[in-house]
Structure formats: C-alpha cells, structure tokens
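>>> Using only what follows, build the 3D model:
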Amino acid sequence: ALISENYRHGIQRMSLAMHGAEVPVIAAVNGPGIGAGFDLACMCDIRIGTPATRFGETFINLGLIPGDGGAFFLQRLVGYQRAAELTFSGRVIDADEALQLGLLLEIVDADSLLDRAAELAAAYAAKPPQALRMTKRLLKAAQRMELGDLLDVSASYQANCHHTADHQRAMDAMLEKTEASYEGN
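Below you'll find the model as predicted:
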C-alpha cells in the first residue's frame, strides 16, 4: 500500500500536472528518454529530437509496469497496437523510428535543438493566448468525447473567441496584411 501511495502522491502528480497544462509543452530530447523519461516526453504536446535520441518503454524489462501514465499517453500518440508492442517488448527505438512512428515531430542537429524548441515556443506564444489555451483544451477533450459532444464544446469556445479583442486584432492584421500583437483579451 505504501508503494502505491508513493506513486499516487509522487510521480503521478507530474503526470496529472503535465496533462493539465493549458499551454503547449515542447520536449527537446537529446539522448535517451527511457522509462519515465520516455513517458514524460509523451506527456508533451510536441517532441523534437536529435540523431542521439532514443526512446524506450522499458518497465517490463525490470518486472514493472508504466506506473506514471505511460499506458495512457503512449497509445494516444501511436495507437494501441504499436504502444502494446513497445510496452510488451521493452525495446529501445532510435530517433529515425521515433520520427516514423510520430513520436518525434522532427530531428535536428544537437547544436540547434534548444534553438528549434525556442523557435517553436515563440511561434506558439505569439498566437492569441485565449484561443491557444482553448485549442489545447479542445484537443485534450477530443481524446475522450464523442463527436457531437465535442462539437457542442467547440461551438461554445468559438463563440467565446468571437468576442475577444484578440480576434479583432487578428482579423485586422489579416486584412491589413500585417502582424498582430495579442494581449490575451
């Protein structure tokens, strides 16, 4: 009982916090993401790596299960069958296979990894903040909702966006062919 409580009040708090983050989260992985490190990367919205990136859902090799939520996150990225194969085998995959499976968005040189992550983060941060947060909430909700229910939520979110000053700023910038600066209102 103590071990299970330690998981619930320990590493699983990280899983819940990552899943609840309302802003885009980018993992920049240069080297191995094994076990909990792999699961942490899977909790992120975007993952970029280098040729040295390696991923492995290796808990089975130690007689364990992915107790930090890996069974939840991995199959949402690669589908049940591929997640099952990776989890049952405990094998480690290289960056090319991770890219092929959709675990990595892209592979860059190690020297440019953090710059690329910062570039993506800046691009996302330049978007209208309320719409960005609602978009992420919508993507997360779409994983667990029926289409009709999701469309109802989408209609409400869209109505909220229509009433923001940032929406008007975006429309003005599009019509004037300029860059908008958003204020989160």
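
>>> CA only for contacts and neighbour counts going forward, please
Fine.

>>> Distance check, residue 142 against residue 74.
Shown here: residue 142 relative to residue 74, a distance of 16 Å by CA to CA, to the nearest Å.

>>> Comparing the two, which shows the higher neighbour count?
residue 74 (23 against 16; other CA atoms under 10 Å).

>>> what's near enough to touch the more buried one?
Taking CA atoms under 8 Å, 6 or more residues apart in numbering, we find residue 74 in contact with 39, 42, 83.

>>> Please work out how many residues are found near the nearest residue to the last one once chain neighbours are set aside.
Right, the one you point to is residue 83. Computed as CA to CA, 6 or more residues apart in numbering, the closest residue to residue 83 that is not its neighbour in sequence is residue 75, at 5.0 Å. Residues lying near residue 75 (other CA under 10 Å) number 17.

>>> so where does residue 75 fall, helix or strand?
helix 70-78 (DSSP states H and E).

>>> Give me the pLDDT value at residue 14.
At residue 14, the predicted lDDT confidence score is 87.

>>> you'd agree it is in a helix?
Yes: judged by DSSP: H, G, I helix; E, B strand; the rest coil, residue 14 forms part of a helix.

>>> Tell me where this protein has strands.
Here the chain has its strands, by DSSP state E, at 26-29, 32-34, 46-49, 54-56, 92-94, 106-107.

>>> Select, out of those, the one closest to residue 10.
Ranking these by their distance to residue 10 (criterion: CA to CA) puts strand 32-34 first, at 18.4 Å.

>>> For that closest one, give me every contacting residue.
Outside strand 32-34, the residues touching it (CA under 8 Å, 6+ apart) are 39, 41, 52, 53, 54, 55, 56, 57, 58, 92.

>>> Enumerate every residue touching the most centrally placed residue in the chain.
For the chain, the residue nearest the mean C-alpha position is residue 45 (1.5 Å; CA atoms, centre = their mean). By CA under 8 Å, 6+ apart, the contact set of residue 45 is 24, 25, 26, 27.

>>> let's see 10 Å
Residues near residue 45 by CA atoms under 10 Å, 6 or more residues apart in numbering: 18, 19, 21, 23, 24, 25, 26, 27, 77, 105, 136.

>>> got it, and residue 161?
Counting by CA under 10 Å, 6+ apart, residue 161 makes contact with 128, 130, 131, 134, 155, 167, 168, 185.

>>> if you set the cut-off to 8 Å instead, what comes out?
Residue 161 neighbours (CA under 8 Å, 6+ apart): 130, 131, 167.

>>> Could you list which of those belong to helices?
130, 131, 167 (DSSP state H).

>>> The last one: neighbour count?
It refers to residue 167. For residue 167, the tally of surrounding residues (other CA under 10 Å) stands at 20.

>>> where does this structure have its least confident helix or strand?
In the chain, the helix or strand scored least confidently by mean pLDDT, DSSP states H and E is helix 2-9, which has a mean of 82.

>>> What are the contacting residues of that helix?
Outside helix 2-9, the residues that touch it by CA under 8 Å, 6+ apart are 67, 68.
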